[in-house]
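Visitor: quick one: sequence and predicted model below, then my questions.
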Amino acid sequence: MNVDTAAAPSGARGRLPLGVYLLAFSLFAMGSAEFLLAGVLPAVATDIQVDLATAGGLISAFAVGVVIGGPPFAVISLGWPRRTALVVTQLLFAACIATGVAIGSYPALLVTRFAAGLAYAGFFAVAAVTAVSLVPADRAARASGVVVSGLGLAMVLGGPAGTLIGYRTGWEGGFWLVVALTVVAAAAVSVALPATTGGRAPSIGRELAAMRRSNLWLVYAATLLSTAAYMITFNYLAELLTRVTRIPQVWIAFVLVLFGVGAYLGLAVGGRIADRRPHLAMVGGSAGIVGCSVLIAVLAEHALAVVPLVLLLGVAGFVLNPAVYGRVFRIAADAPTLAGATTVSAFQLGISLVPLMAAVPLHAGAPVTTVAWIGAGLAAITIAVVLVERATARGAAR
């Protein structure tokens, strides 16, 4: 893997470089917008005079933008300095969010949420590659894990805090805070992030050639499956906790935050083991999702069991993320930009497919605990995919 000589020494020993943490903060600022909208959606629907189902299209618009935005931007910006690409995507994201909130109509919000998703995907993709370029190869997964931890922090803090602000000041308040934080982060990146350039000149041909490696698509499959495996349970936790576990409504938000805390812990643990044992982290995390999902389904009526299992599900789910990025950047070490961008798309696609996976059994009258069983099945398939990828990698190394 090409390591930027200007930045690598600072991350070779002890703490990771400041730039890695700046990228994590930037992802926290931007990622908060993704989790914030769900919390204020009823208020948004009322204000712009659409029904709740129609307002939900704003969530889908952002998700679609993220799914399709990363790879094209990776190709377009391939010759740009990475710091320039990062700042441009941050400012575009802030401008899209600000424009949508300022106009305040459904069409404007729909278009600007989609455009913000494109910018977010572009930033996420370039940030992951940049973080790796700031550290030696044997710390790539840890650096990626720290950057992605910004997303975990957005889940734990950004979304809930923005929702609280929104209900105090009007739903727009949380989004204006996201805009302000994103602009501050962009300024910090432009000033404090070292200039990074790979050891070889960028090449679209080399990037596309890397995408033909079968192992890369096995990692993408594991990313999509594992993400859907834990998110399908998370997305329906409120319903499960309310109707089956019978937890009082006032405690639901606390339990959901526990998942985010677990996610943050999982990223920290995964980042420390993924550089040396990526397949262990991926198999271990997937097995953890299987176990937690099955236990949640079986013990759903018992709050004393379900609450800690929610925390552990977050840990298991996010242990995989640094290992996924570590494997992608190892497989596509000579052309990581497009490969990294496609990882972001696979991650978001896993989230986006969850409603479809859950809709069929739930509409057929299945209990809400069925989603946990589906999550367990997806995680079990993930284990098989990871083992195939490992066997293929070992075979190619002989």
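Guide: Cool, the structure landed.
Visitor: what are the buried residues along stretch 290-301?
Guide: Applying a neighbour-count criterion of 16 or more other C-beta atoms under 10 Å, the buried positions in stretch 290-301 are 290-297, 300. Where C-beta positions appear, they are placed from N, C-alpha and C, glycine not excepted.
Visitor: how about stretch 361-369?
Guide: Neighbour counts over stretch 361-369 (16+ other C-beta under 10 Å) mark 362, 368-369 as buried.
Visitor: with respect to pLDDT, which of these ranks lowest?
Guide: Between the buried residues of stretch 361-369, the one the model trusts least by pLDDT is Leu362, at 86.
Visitor: report the separation between it and Ile232.
Guide: As judged by C-beta to C-beta, to the nearest Å, Leu362 and Ile232 stand 11 Å apart.
Visitor: kindly report the same for Arg390.
Guide: For Arg390, the distance to Ile232 equals 25 Å [C-beta to C-beta].
Visitor: more crowded one of those two?
Guide: When Arg390 and Ile232 are compared for neighbours, Ile232 comes out ahead with 26 against 18, by other C-beta atoms under 10 Å.
Visitor: show me what secondary structure element comes after the lowest-mean-pLDDT helix or strand in the chain.
Guide: Of all regular secondary-structure elements in the chain, judged by mean pLDDT, DSSP states H and E, the least confident is helix 8-12 with a mean of 42. Note on helix 8-12: by DSSP states H and E, the next helix or strand toward the C-terminus is helix 18-48.
Visitor: in that following helix, what's buried?
Guide: Neighbour count says helix 18-48 has 19-37, 39-41, 43-45, 48 buried, by 16+ other C-beta under 10 Å.
Visitor: same thing with stretch 178-198?
Guide: Across stretch 178-198, burial judged by 16+ other C-beta under 10 Å covers 178-179, 181-183, 185-186, 188-189, 193-194, 196, 198.
Visitor: so which of the residues you listed sits lowest on pLDDT?
Guide: When the buried residues of stretch 178-198 are compared on pLDDT, Gly198 comes out lowest, with 48.
Visitor: please name the residues that touch Ala396.
Guide: By C-beta atoms under 8 Å, 6 or more residues apart in numbering, the residues touching Ala396 are Asn215.
Visitor: and for Ser345?
Guide: Ser345 makes contact with 66-71, 121, according to C-beta under 8 Å, 6+ apart.
Visitor: what angle do the host helix or strand of it and helix 18-48 make?
Guide: Secondary structure assignment for Ser345, by DSSP H and E: helix 336-363. Using axes from the mean of the first three to the mean of the last three C-alpha atoms, to 10 degrees, one finds that helix 336-363 and helix 18-48 are set 40 degrees apart in direction.
Visitor: Leu181 and Ser32 touch, don't they?
Guide: Yes - Leu181 sits in contact with Ser32 when judged by C-beta atoms under 8 Å, with a separation of 7.5 Å.
Visitor: ok, Thr342 - contacts?
Guide: Shown here is Thr342, whose contacts under the criterion C-beta under 8 Å, 6+ apart are 70-71, 211, 216, 220.
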